[in-house]
Structures are given as structure tokens and as C-alpha cells.
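Visitor: following is a predicted model, sequence given first.
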Amino acid sequence: MKITEIKGQIPDKLYQILKKEIKELRPCQEKAIKQGLLQNKNLLVCTPTASGKTLVAEIAALKNILEDKGKAVYIVPLKALAREKYKDFKNRYGHLSKIAMSIGDMDKSDSYLSEFDLIITTSEKLDSLIRHRAPWLNKIGTIIVDEVHLLNDPGRGPTLEITLTILKQILKAQLIALSATIGNPEELAKWLEAELIQDNWRPVELKKGIYFQGKVEFY
């Protein structure tokens, strides 16, 4: 699918950014569009690393923000990843939307976030914001969950599960969940009430082999 095929389906300001970098959408991005990304459908994108999952989430978030459908929260498992995403999104979309990162004090509602459009946070911090009844939560229009397979993590999993359960109950928001490794994608998609996007395409072919006595034999 050519990027020109979605012109008119996304805000022009977003399209102008994408067309400078992209001529043709990757398989998971094309599948996401065909399965309702631009029609506010919930999606679970389960594809290999570097296959283009993040752009699916970016399109959903920025489209909804620019169309005044609400804020976007981008949930990541680690503070370091939050900082990385904040830097990347700020550089790319900072002129289109107000971007903030919230990963700090768990005893504050961070009311200043009401002034921002795209908020990058961890599941633990978002759980804290919910418990402190942050006044801007009901303005969320897009929920993005990176590394959603961590629902199965004994440490972080319960917090993420409870947070998503609450958000699903209190909001009518588009949910985009991303992961490279999910053992039960159909079951998870059903729980998330999401369309399942699966694809094996990756930018660099992955080969398996055995290294022995200085040589690698691929199979």
C-alpha cells in the first residue's frame, strides 16, 4: 500500500510528515489500516521487532489528537523507554501536539498534564494517576500499550492488567496494543476487544544456525 492511498483519511499535517519519510507502508501497517486503524478500531499488533508497529500507534494517536478526539497516553514498561519515546516523538511531532512525559512522583496527580495532548508514562505511574483521580483522564481518546506481553510478567503484569481494566471501564477510547512476542494472541485480542494483526515480515531476514569450531552452519 502506497502512503498516498491514505491521503485524505488522516489529517493533512500528519500526512505531510509521513510522506517525507515513507513511500510504501509495511505489511503490518497496511493490515492495521485495512482492519480499522483509521476507523477507531482497537488493534493488537503482534509482529517482529522493527516491523513498523510503533508507526501504527503514532498514526492512531496523532490522528485522534488532530481531529480533537482526545488525548493519547502511551504506556511503556520502563522509564528509560519513556525517555526514548519522549525524545523521538518530541522531535517528530512536537510542532503538531503538546507532548509530555510522566514517570516521576507516585503521590501526585500531575494536574499540569491537562495541558498536554500526548502523554508518555509507565503503567505504574498511570495506575497512580488513576488512583489520584487525575482530572484529565476522561479526556483520553487513545490508549497505546507498548510491550503488552508484559501482562504475563509476575512483577509488572498485575498493575498493567488492572490499569487497562479500569481504563476500559471508564473510557471510550481507541486501544492500540503492541508486542513482538505473545504466546496467546487470539485470547489476548478477545480480552482487549481488539482486532488481531499478525505478520512475520521483518526488515532483515532472521536466520538460525549453529556455531561450531569457528563456523556457522545455517539451517
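Guide: Looks like it arrived, so ask away.

Visitor: can you get me a residue count around residue 2?
Guide: 12 (other C-beta atoms under 10 Å). Yep, even glycine has a C-beta here, placed from its N, CA and C like the rest.

Visitor: over to residue 24?
Guide: Residue 24 - counted by other C-beta under 10 Å - has 11 other residues nearby.

Visitor: now do residue 209
Guide: Counted with other C-beta under 10 Å, residue 209 comes out at 10.

Visitor: what does residue 123 give?
Guide: 23.

Visitor: which one is it nearest to, not counting chain neighbours?
Guide: Closest residue in space to residue 123, ignoring its immediate chain neighbours: residue 160 at 4.2 Å, by C-beta to C-beta, 6 or more residues apart in numbering.

Visitor: can you check residue 162 too?
Guide: Among residues not flanking residue 162 along the chain, residue 127 sits closest, at 6.8 Å (C-beta to C-beta, 6+ apart).

Visitor: residues in contact with the helix or strand hosting that neighbour?
Guide: Using DSSP states H and E, residue 127 maps to helix 123-131. Contacts to helix 123-131, defined as C-beta atoms under 8 Å, 6 or more residues apart in numbering, come from residues 73, 75, 77, 102-104, 106-110, 113, 121, 137, 156, 159-160, 162-163, 166-167.

Visitor: partners of the next helix-or-strand element following it in the sheet?
Guide: Next helix or strand after helix 123-131 toward the C-terminus (DSSP H and E): strand 140-145. Based on DSSP bridges, the pairing partners of strand 140-145 within the sheet are strand 71-76 (parallel), strand 174-179 (parallel).

Visitor: Throw those strands into TSV and include distance to residue 46, mean neighbour count and mean pLDDT, thanks.
Guide: Output for the strands paired with strand 140-145, formatted as TSV (distance: least, C-beta to C-beta, whole Å; neighbours: other C-beta atoms under 10 Å; pLDDT from 0 to 100):
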stretch	distance to residue 46	mean neighbour count	mean pLDDT
strand 71-76	17	26	97
strand 174-179	5	24	97
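
Visitor: please identify the buried residues of the host helix or strand of the residue nearest to residue 123?
Guide: Element membership of residue 160, judged by DSSP H and E, is helix 157-170. Buried residues in helix 157-170, counting neighbours by 16 or more other C-beta atoms under 10 Å, are found at 159, 160, 163, 164, 167, 168.

Visitor: tell me the angle it makes with strand 140-145.
Guide: Helix 157-170 and strand 140-145 are oriented at 160 degrees to each other (axes from the mean of the first three to the mean of the last three C-alpha atoms, to 10 degrees).

Visitor: so what secondary structure elements neighbour helix 157-170?
Guide: Packing partners of helix 157-170 (3 or more C-beta pairs under 8 Å, 6 or more residues apart in numbering; DSSP states H and E): helix 123-131, strand 140-145.

Visitor: much appreciated, bye for now.
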